[in-house]
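Colleague: no FASTA, just this:
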């Protein structure tokens with residue numbers, strides 16, 4: 001009889017674990033890249049200054065938002081190696097918008113805006129009033 005350290009069930013379990021782990025690593029990398037790109041754009045666009053200016057001219061709370069400076073076609077894909085994720089998957093199936101908002105600062109929300117078949121990433125300030 002041949003000795004095997006790993007049974008067929010062990011190998012099956014290890015394969016399943018690796019598939020799940022590699023997917024988690026892939027999603028984390030996509031989200032990390034998405035957040036880094038938007039933070040970089042926010043700095044370059046002076047989103048802080050734009051938001052302060054927007055607050056000075058706002059007529060209601062609904063006016064307290066600025067575009068991040070990046071927009072996407074609805075079928076845009078983020079690629080890593082041979083795997084991809086659509087912008088909609090990033091928006092709705094990950095915590096990318098929450099992470100971006102947390103890195104931008106307190107009382108900030110980040111939301112998608114669909115306009116003319118383009119997805120804009122909007123940065124909103126939510127005052128405490």
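Modeller: Done, it's in. All of these numbers come straight from a predicted model, not from anything done at the bench.
Colleague: how about the strands of the protein, start to end?
Modeller: Secondary structure of the chain (DSSP state E): strands at 65-72, 77-80, 83-86, 108-115, 118-125.
Colleague: neighbours around the closest residue to residue 73 other than its chain neighbours, how many?
Modeller: In this structure, residue 73 finds its nearest non-sequential neighbour in residue 118, 6.6 Å apart by Cβ to Cβ, 6 or more residues apart in numbering. For every residue, glycine as well, the C-beta is placed using N, CA and C. By the criterion of other Cβ atoms under 10 Å, residue 118 has 12 neighbours.
Colleague: Report pLDDT for residue 118.
Modeller: In this prediction, residue 118 carries a pLDDT score of 96.
Colleague: Let's have the strands of the chain in JSON lines, adding distance to residue 40.
Modeller: Listed next are those as JSON lines, based on distance: least, Cβ to Cβ, whole Å:
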{"stretch": "strand 65-72", "distance to residue 40": "10"}
{"stretch": "strand 77-80", "distance to residue 40": "15"}
{"stretch": "strand 83-86", "distance to residue 40": "20"}
{"stretch": "strand 108-115", "distance to residue 40": "15"}
{"stretch": "strand 118-125", "distance to residue 40": "13"}
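Colleague: Residue 92: which of the ones you listed is closest?
Modeller: Closest approach to residue 92 among those (Cβ to Cβ): strand 108-115, 8.7 Å.
Colleague: quick one: the closest one to chain centroid distance?
Modeller: Taking Cα atoms, centre = their mean, to the nearest Å, one finds strand 108-115 lying 11 Å from the centre of the chain it belongs to.
Colleague: State the paired neighbours of that strand in the sheet, together with their directions.
Modeller: Each strand paired with strand 108-115, and its direction, by DSSP bridges: strand 118-125 (antiparallel).
Colleague: contacting residues around the partner strand?
Modeller: Identification of contacts with strand 118-125 by Cβ atoms under 8 Å, 6 or more residues apart in numbering yields 38, 42, 47, 51, 54-55, 64-68, 70-74, 76, 87-88, 91, 97, 100-101, 104, 107-114.
Colleague: swap in stretch 36-48?
Modeller: The contact list for stretch 36-48 (Cβ under 8 Å, 6+ apart) reads 66, 68-70, 100, 103-104, 110, 121, 123.
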